[in-house]
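Q: only the shape, not the letters, is given here:
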């Protein structure tokens, strides 16, 4: 019985590995490519064995075939399985996800092209217009990582995620775009935690809640939104409230490079930096290490949090995928099209 238990667990781990590969891919994948990706991750599984597992996953409703020549993608159930399966293996998942998306960021602020990290939210199709109305003040106030978004209806794709039927998918820029851009510029960044930031008179005061990325299996923003701990609408309209924000640190010696990169990102409409502190000085009551600079980045899901506050629930996939910069449009253009 013990041996059977080990075998079952081994099968589940292989299934989860395949699910993660499909989750990270922007296009459907066949058994050959999946086998290659598994090998890169240290999992030895041949094409024939991969096909066996894929058939098993199809029967469980985790994957779906997109034509024989195109391969498979995840179903909504498969996406949920990736988030829920083998929690012990996901300790530190949040920080690993940040590092992965930072590496996958290829945005070139000289040419205004390349991939940037996004969050993806699925709204009920019939309530999407109301959701846009609720999010509008947040985009106008600039309490987000960018006013660039992408949208897709049921059956369409946003990055590597397929939008379920009956839903509207909205991609919002993730603050990890700064991590990725600084990484390309040779600036190391320590992503410490995501939290709830108190705002007064349109200025940041202090963090009132926080979750460290290290050891966390969920994106903190998703947790805070589900718990209804924000009042982003009030912060956007009156300058008083609690919003989603992230705390990072960089070496003080890298400040000139960081400021240059952030300026260029803002010129491209990617402005998630809210505040940059001074060397070794606390930022919003958060201690900063010696010879480091603290930075507060605005949460990319703040607009979605405002929609949740208005009673419009969404299924959120924070830090989920990357999209080509040129596929994004200004939020006001989307709002005007839908009004």
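A: Looks like it arrived, so ask away. Worth saying up front: this structure is predicted, and the values here are computed from it rather than measured.

Q: how about the helices in the stretch 1-150 of the chain?
A: 2-24, 31-40, 47-59, 76-84, 93-104, 128-141 (DSSP state H, counting those that start in this stretch).

Q: okay, those helices in TSV with distance to residue 323 next?
A: Quick note: C-beta positions are derived from backbone N, CA and C, even for glycine. Shown next, in TSV, are the helices of the stretch 1-150 of the chain (distance: least, C-beta to C-beta, whole Å):
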stretch	distance to residue 323
helix 2-24	13
helix 31-40	20
helix 47-59	26
helix 76-84	17
helix 93-104	11
helix 128-141	18
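
Q: most tightly surrounded among the ones you listed?
A: Highest mean neighbour count of the helices of the stretch 1-150 of the chain: helix 128-141, a mean of 20 (counted as mean count of other C-beta atoms under 10 Å).

Q: contact partners of that helix?
A: 123, 144, 147, 168, 170, 232-233, 235-237, 302-304, 306-307, 309-310, 312, 314, 331-332, 334-335, 338-339 (C-beta atoms under 8 Å, 6 or more residues apart in numbering).

Q: same question for stretch 257-265.
A: 109-110, 177-178, 181-182, 185-187, 250, 271, 273, 276, 293.

Q: for residue 56, state which of those residues is nearest.
A: Of all those, residue 56 sits closest to residue 177, with 37.2 Å by C-beta to C-beta.

Q: nearest residue to the closest one other than its sequence neighbours?
A: residue 116 (4.9 Å; C-beta to C-beta, 6 or more residues apart in numbering).

Q: tell me which residues touch that neighbour, please.
A: Neighbours of residue 116 in contact, by C-beta under 8 Å, 6+ apart: 105, 107, 173, 174, 177, 180, 270, 322, 323, 325, 328.

Q: the fourth one: neighbouring residues, count only.
A: Think residue 174. By other C-beta atoms under 10 Å, 32 other residues sit near residue 174.

Q: where does it land on pLDDT?
A: Here the pLDDT value assigned to residue 174 is 95.

Q: need the contact list for it.
A: Here residue 174 is in contact with 101, 116, 117, 118, 119, 145, 300, 318, 319 (criterion: C-beta under 8 Å, 6+ apart).

Q: got phi/psi on it?
A: Backbone dihedrals for residue 174, given as degrees, to the nearest 10, come out at phi -90, psi 150.
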